[in-house]
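Q: pasted the sequence and its predicted model underneath.
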Amino acid sequence: MTAPLPATVVLVELDDDLLTLNRVIGIMRRRNLAVASLALGPSPGLEGRGLTAVLTDDPATVSRLVNQLRKTSGVARVLVHPEADCLTRGQLLVSVRAAPRHLAELLDAVALYDARIVEETPEALRIEATGAAPHLTALLRALEPFSVLGYTWGGALALPRTSSPEPVPRPVVPPRAATAVPA
């Protein structure tokens, strides 16, 4: 039996255009990586996007990916951290049947896992929770006896525990001047 591969967090700062995002996702797809989680959101300090990928692949494969991403047009910066060196949190939204006779037990389970009720309807409660993957899995198991109607699990967000270096400023490229083409 082989030991599980360590998870690696790859943080990519990229331009806010679909072409750059398509390039980055295409590189990851073509390499057939073991992606545990993928999340996209605004990038701090830039007018771009931040892509967080949690990969469970061997270090050599991750290193080759990072080198290729750094060469990709539209990518401002790529940071790599072992998952153990990051604060990683996922988000879970769960819809649970709200039977009146089990409501007290359900509320106890919600409180035990530091979750919160975000919506209440006569037939169901919508519960939101954040945390590490094992914590969210345990919450789902605790809610199973109450009839889970559906759930969605958001990609993990990660923040390095150590301070990252200041972002490298992007070079300013002047716009091209129009040139006349002789007839």
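A: Sure, I can see it.
Q: going forward, measure contacts and count neighbours with C-alpha atoms only.
A: Noted.
Q: residues of stretch 10-18 that come out buried?
A: Residues 10, 11, 12, 13, 14, 15, 16 are the ones in stretch 10-18 that count as buried (16 or more other C-alpha atoms under 10 Å).
Q: how about stretch 33-45?
A: Buried residues in stretch 33-45, defined by neighbour count with 16+ other C-alpha under 10 Å: 33, 37, 38, 39, 40, 43.
Q: for the first one, which non-adjacent residue is closest in space?
A: Closest residue to residue 33 in three dimensions, ignoring its sequence neighbours and counting by C-alpha to C-alpha, 6 or more residues apart in numbering: residue 57, at 6.7 Å.
Q: isn't the one you found right up against residue 32?
A: No. Using C-alpha atoms under 8 Å, residue 57 makes no contact with residue 32, being 9.9 Å away.
Q: I'd like the distance from stretch 101-110 to the chain centre, please.
A: Its chain's C-alpha centre and that of stretch 101-110 lie 30 Å apart, by C-alpha atoms, centre = their mean, to the nearest Å.
Q: state the phi and psi torsions of residue 58.
A: Taking degrees, to the nearest 10, you get phi -70, psi 150 for the backbone angles of residue 58.
Q: contacting residues around it?
A: Taking C-alpha atoms under 8 Å, 6 or more residues apart in numbering, we find residue 58 in contact with 5, 6.
Q: give me the pLDDT for it.
A: pLDDT, residue 58: 87.
Q: equivalent analysis for residue 136, please.
A: 92.
Q: dump the helix or strand containing it to CSV, keeping only the CA atoms.
A: Using DSSP states H and E, residue 136 maps to helix 133-143. The C-alpha trace of helix 133-143 is given here as CSV (Å, rounded to 0.1, in the frame of the first residue of the first chain):
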residue,chain,number,x,y,z
ALA,A,133,-12.8,19.0,4.8
PRO,A,134,-12.9,16.5,7.8
HIS,A,135,-15.1,18.9,9.8
LEU,A,136,-17.6,19.4,7.0
THR,A,137,-17.7,15.6,6.3
ALA,A,138,-18.5,15.0,10.0
LEU,A,139,-21.3,17.6,9.9
LEU,A,140,-22.8,15.9,6.8
ARG,A,141,-22.7,12.5,8.7
ALA,A,142,-24.3,14.1,11.8
LEU,A,143,-27.1,15.5,9.6
